[in-house]
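Q: Below is the structure, and that's it, no one-letter string:
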């Protein structure tokens, strides 16, 4: 039997350090999900993209830099990576007033999440088990 392995689907885009980049990252993710026929769990995915992009923008992108969003789908798993070049390291914390809920939402909505090193900066990521609609 000749079995062919499917390469993962991949989309990535760079965003400038600008408040309009978070809705742009969300729109980019929606476009990829629609293009791949992955409507299931899209609200959860888009909220996590927004939260990871917001964290990168507020805490991880030095002046004059930006962040990159990478979406990869293969073997029933959608992975979202948000790359930034800042020094800060995201961590769960108790919300205070209007802030501090982003990673709590990612932890609840995504199947897995974490942070990895890159030079410079870090990659905040999350994963969702998703089958095409």
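A: That came in fine, so what should we check first? Note that this is a predicted model, so its numbers are computed, not measured. Numbering: from 1, shown residues only.
Q: Enumerate the positions of the one helix or strand residue 128 maps to that are buried.
A: Assigned by DSSP states H and E, residue 128 belongs to strand 122-129. Along strand 122-129, these residues count as buried under the neighbour rule (16 or more other CB atoms under 10 Å): 122, 123, 124, 125, 126, 127, 128. The way it works is simple: take the backbone N, C-alpha and C, and place the C-beta from them, glycine included.
Q: do the same with stretch 41-61
A: For stretch 41-61, by 16+ other CB under 10 Å, it's 41-42, 44-57, 60-61.
Q: Which residues does the least confident helix or strand in the chain by mean pLDDT contact?
A: Counting by mean pLDDT, DSSP states H and E, the weakest-scoring helix or strand in the chain turns out to be helix 102-109, with a mean of 93. For helix 102-109, the external contacting residues (CB atoms under 8 Å, 6 or more residues apart in numbering) are 44, 47-48, 51-52, 54-55, 90-93, 95, 113, 126.
Q: State the next helix or strand along the chain beyond that helix.
A: As the chain continues past helix 102-109, the following element, by DSSP H and E, is strand 112-117.
Q: Please work out the angle formed by the directions of that next one and strand 122-129.
A: For strand 112-117 against strand 122-129, the angle by axes from the mean of the first three to the mean of the last three CA atoms, to 10 degrees is 160 degrees.
Q: ok, which stretches of the chain are helices?
A: 21-36, 42-55, 102-109 (DSSP state H).
Q: Kindly reformat the ones you listed as a markdown table containing distance to residue 69.
A: Formatted as a markdown table, these follow (distance: least, CB to CB, whole Å):
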| stretch | distance to residue 69 |
| --- | --- |
| helix 21-36 | 5 |
| helix 42-55 | 6 |
| helix 102-109 | 14 |
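Q: of all those helices, which lies closest to residue 66?
A: With CB to CB as the criterion, residue 66 lies closest to helix 21-36 of these, at 7.4 Å.
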